[in-house]
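A.B. asks: Next one to model:
(one chain, ligands or ions: 1)
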Amino acid sequence: MAAAALAMSYKQEQREHYDTKAELKRLKDKYDYFWPRKIMMLFGAPGAGKGTQGPNITKTLGLPQLSTGDMLREAVSHGTPLGIKAQEAMASGSLVTDDLVIGIISDRIQEPDCGAGFILDGFPRTIAQAEALDELLIQTGERVNLILAFEVPEDVLEERICGRWMHKGSGRSYHVKFNPPKAMKLDAKQVPITGTMNDDETGEALYQRADDTKSALVKRLSDYNNLTTPLLDHYDKAHIVKRINGGLPIKQVTSQVMLAMSKKHMKH
Ligand code: AP5
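C.D. replies: Numbers count the residues shown, from 1 in each chain. Next up, the predicted model:
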C-alpha cells in the first residue's frame, strides 16, 4: 500500500514537472513571438574592452555577442569568398566595405539564437552601416535599445592591443599583463613563452591578431575617430547611450556594465 502511494506521488511530481516545463516553454514562445528583442551595442575604440566585457553579458542575459571582427577573421581563416575580399583591408587596419558587413549582420540577426536579442560588437562603424541597421530593424518594428560606450584614454590602448592574445574558437581575449591566461609562463626576459599561451577553458593555443601592431593601430584609431565616433550623436538623440569608464581595471568595468544594464539605471 505504502509502495502504491509512493508511486502515485512520484507520478504526480513528474506531471507537475512536465506542466512547469510546458508553461515555461509557452511563456518563452510568447515572448519570442510578440516582444521586441533586446538589441544592445558595444561601442568603443580598438582595445576599449568590447571583446572582454561581451562574454559577461552573454553569460548573464544569454544573448549572443555578434562581433563582425570575429566573423570576418573566421572567414579569412577559412579562405571563403568573403574572407578573401576582407583579408587585405583587415591586416592593414582598414575597414572592410559597408556592403560586406551589412550583408553578414543582416543574415546573422535572423538566426534562431537571436530570438530574444543580441549584442552587436564592432557594428555599425560608419553612418551607412548605422542607417542600414535602422532600416533592417524597422522592418520588424524594432530598434537598438541600449548602447554601452566604452571611453578609454588613447594612450592606454596601444599597451592593451600589443599585449593581447586571443582564443580563436570563442573570441576570448587575454592580456600578458592585465588578464594573463592561467598557463602563461615567462622566459628570462619576461617575455611570454608561446607554448604556454593557452585558453583557460579549452587549453587550446592562443594567437596574436595580424592587425594588433602599432602601425595598424594608428589607422584603426583614425577610422574610429573620423568614421565611427560620429555615430554616437545619431544614437544620443534616442537617449540610449550609457557611457562606461573603460579605463578602469577589468572587474570595475564589469560592475559598471552590469549596473548600466539594470533597471536601477533607468530614469523614472
Ligand atoms: P574588431 O575585431 O571589431 O576590432 P576592434 O574594433 O579594433 O576592436 P578590438 O577587438 O581590437 O577591441 P576590443 O574593444 O574588443 O578589445 P578587447 O576587449 O579585446 O575589428 C577588426 C577589423 O575587422 C577592423 O579593423 C576591420 O578591418 C574589420 N571590421 C570589423 N567590423 C567592421 C565593420 N563593422 N565595418 C568595417 N570593417 C569591420 O581588449 C583589448 C586588450 O585589452 C585585451 O588584451 C584585454 O585583455 C585588455 N583589456 C580589456 N579591458 C581592459 C581593462 N579594463 N583593463 C586592462 N586591460 C584590459
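A.B. asks: My guess is residue 166 contacts residue 204. True?
C.D. replies: No. When contacts are counted by C-beta atoms under 8 Å, residue 166 is not listed as touching residue 204 (11.0 Å). For glycine as for every other residue, the C-beta is placed from the backbone atoms N, C-alpha and C.
A.B. asks: For the two, indicate the residue with more neighbours.
C.D. replies: residue 166 (20 against 12; other C-beta atoms under 10 Å).
A.B. asks: so what's the closest residue to the more buried one other than its chain neighbours up against?
C.D. replies: Sequence neighbours aside, residue 173 is the residue nearest to residue 166 in space, at 5.2 Å (criterion: C-beta to C-beta, 6 or more residues apart in numbering). Residue 173 is in contact with 51-52, 164-167, 179, counting by C-beta atoms under 8 Å, 6 or more residues apart in numbering.
A.B. asks: tell me how far the ends of stretch 66-84 are from each other?
C.D. replies: For stretch 66-84, the first-to-last residue distance is 21 Å (C-alpha to C-alpha, to the nearest Å).
A.B. asks: on that earlier part again, for the residue nearest to residue 166, what are phi and psi?
C.D. replies: Dihedral pair for residue 173: phi -120, psi 140, per degrees, to the nearest 10.
A.B. asks: Give me the pLDDT value at it.
C.D. replies: Here the pLDDT value assigned to residue 173 is 90.
A.B. asks: Could you do residue 79 as well?
C.D. replies: Here, the pLDDT recorded for residue 79 equals 94.
A.B. asks: Please report the distance of the residue in the chain that the ligand sits nearest to from residue 86.
C.D. replies: Closest residue of the chain to the ligand, C-beta to the nearest ligand atom: residue 69 (1.8 Å). Distance of residue 69 to residue 86, computed by C-beta to C-beta, to the nearest Å: 10 Å.
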